[in-house]
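> The sequence and its predicted three-dimensional model are supplied below.
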Amino acid sequence: MKKYPCLVVFTLLATAVYAQTLDSAIADAAAGISGRLSQGTTVVVLDFQSSSERLANYVIDELNEKLVNIDKLKPVERRQLTAIRSELTFNMSGEVSDESAQSIGHMLGAQYIIMGSIEMIGVEYRLRFRAITVESASIEYTFSQNIKNDRVLESLLVRTNAITVDFTPQQRIIASGLNLLFGAGSFFKQNDKRGGGITATLEGVGAVAVIAGQLLYNAYYGNDYNHYSLSETYFAYPYYVGFALYAGGAIYGIMRAQTYHEPGSQVAVSPPNGFQLNLVSHDNKPAGLQLTYKLSF
């Protein structure tokens with residue numbers, strides 16, 4: 001029976017050693033790359049695939065800094081890479097093909113290109129790096145390590161103090177105007193079936209009621225408009241109710257086009273005292289507010 005507590009302790013210790021922090025894993029990767037490549041080799045940390053550009057920039061900067069401190073390789077300056085990135089319009093947090101990587105490596109005068117990625121596996125993240133030769137695109141070195149989902153990694157992955165703008169102001173204005181035509185803006189400009197359906201229903205029922213009230217008045221009184229005006233008859237009720245419905249639908253459509261966000265997008269703000277308020281839109285559900293609070297010990 002005494003073996004089981006020892007086995008549990010050994011398993012916990014092994015897990016703690018296996019899963020590292022992000023910074024320690026980057027340091028191990030820098031040491032491994034420096035140990036594998038020849039003295040004085042010029043390398044460029046080209047890209048890092050991640051869902052967060054902030055995380056990608058952090059990893060690239062940290063890896064460059066640690067390679068410089070080891071003082072064996074010659075990393076290309078980040079500003080040179082930034083200039084090339086602007087010229088070729090590629091994203092530091094997106095995937096770059098081996099052919100494009102070779103071309104960029106040639107332009108920067110590097111012998112090796114370092115590329116990395118991170119992905120979630122279970123409750124942890126898997127960090128990977130590979131160094132490839134510029135001439136042949138052959139893989140010279142690979143690194144793989146599980147990363148703890150700690151506060152540092154979480155803060156880099158979560159987009160705080162950022163607003164995801166999925167529609168431009170001009171697109172929203174156009175969609176609002178088209179929503180006067182039975183939700184056309186929501187349907188065709190924003191792919192918002194729910195908003196377009198509600199707008200079309202309100203405006204459609206309202207338009208039918210207005211037309212029905214006018215037609216019934218004309219059918220009952222014919223061309224004799226001198227005896228009663230429309231407002232003095234019962235036919236005014238569907239007319240005015242229909243007008244109110246159409247006006248309500250138009251107002252809803254305008255506001256919906258100005259506030260609707262694409263499914264999966266997130267608008268985040270960071271109120272004080274550790275609170276975070278998110279407006280989250282899901283595929284089959286209306287947008288909702290999400291309030292979270294992070295408590296640190």
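Received, thanks.
> which stretches of the stretch 1-150 of the chain have low pLDDT?
1-19, 85-96 (pLDDT under 70).
> Do you have the strands of the stretch 101-250 of the chain handy? List them.
112-121, 124-133, 139-147 (DSSP state E, counting those that start in this stretch).
> which residues sit against the second one?
By that I understand strand 124-133. 19, 22, 25-26, 29, 33, 36-37, 43, 63, 98, 101, 111-120, 138-149, 153 (Cβ atoms under 8 Å, 6 or more residues apart in numbering). Glycine gets a C-beta too; all of them are placed from N, C-alpha and C.
> I'd like to know which of these are buried.
19, 22, 25-26, 29, 33, 37, 43, 63, 101, 111-118, 140-141, 143, 145, 147-148, 153 (16 or more other Cβ atoms under 10 Å).
> before we move on, the earlier item: with distance to residue 105 as extra columns, can I get the strands of the stretch 101-250 of the chain in TSV?
Formatted as TSV, these follow (distance: least, Cβ to Cβ, whole Å):
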stretch	distance to residue 105
strand 112-121	5
strand 124-133	9
strand 139-147	13
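> how about the ones you listed, which one is nearest residue 247?
Counting by Cβ to Cβ, residue 247 lies closest to strand 112-121 out of the strands of the stretch 101-250 of the chain; the figure is 48.4 Å.
> I'd like to know which elements the closest one is packed against.
strand 42-49, helix 53-70, helix 98-108, strand 124-133, strand 139-147 (3 or more Cβ pairs under 8 Å, 6 or more residues apart in numbering; DSSP states H and E).
> Deepest-packed of these, please.
Mean neighbour count (mean count of other Cβ atoms under 10 Å) peaks for strand 42-49 among these, with a mean of 23.
> about what we covered before: looking at the helices and strands packed on strand 112-121, which is closest to residue 220?
Closest approach to residue 220 among these is made by helix 53-70 (67.3 Å; Cβ to Cβ).
> what's that closest one in contact with?
Taking Cβ under 8 Å, 6+ apart as the rule, helix 53-70 contacts 22-23, 26-27, 29-31, 33-34, 43, 45, 47-50, 73, 75, 78, 91-93, 114, 116, 118, 129, 153, 156-157, 159.
> Ok, which of the strands of the stretch 101-250 of the chain comes nearest residue 195?
Comparing these under Cβ to Cβ, the one sitting nearest is strand 112-121, at 32.4 Å.
> ok, and the closest non-adjacent residue to residue 147?
residue 125 (4.3 Å; Cβ to Cβ, 6 or more residues apart in numbering).
> can you count the residues close to residue 180?
Residues lying near residue 180 (other Cβ atoms under 10 Å) number 16.
> Is it correct that it is in contact with residue 252?
No. In this structure, residue 180 is not within contact of residue 252 by Cβ atoms under 8 Å, at 11.2 Å.
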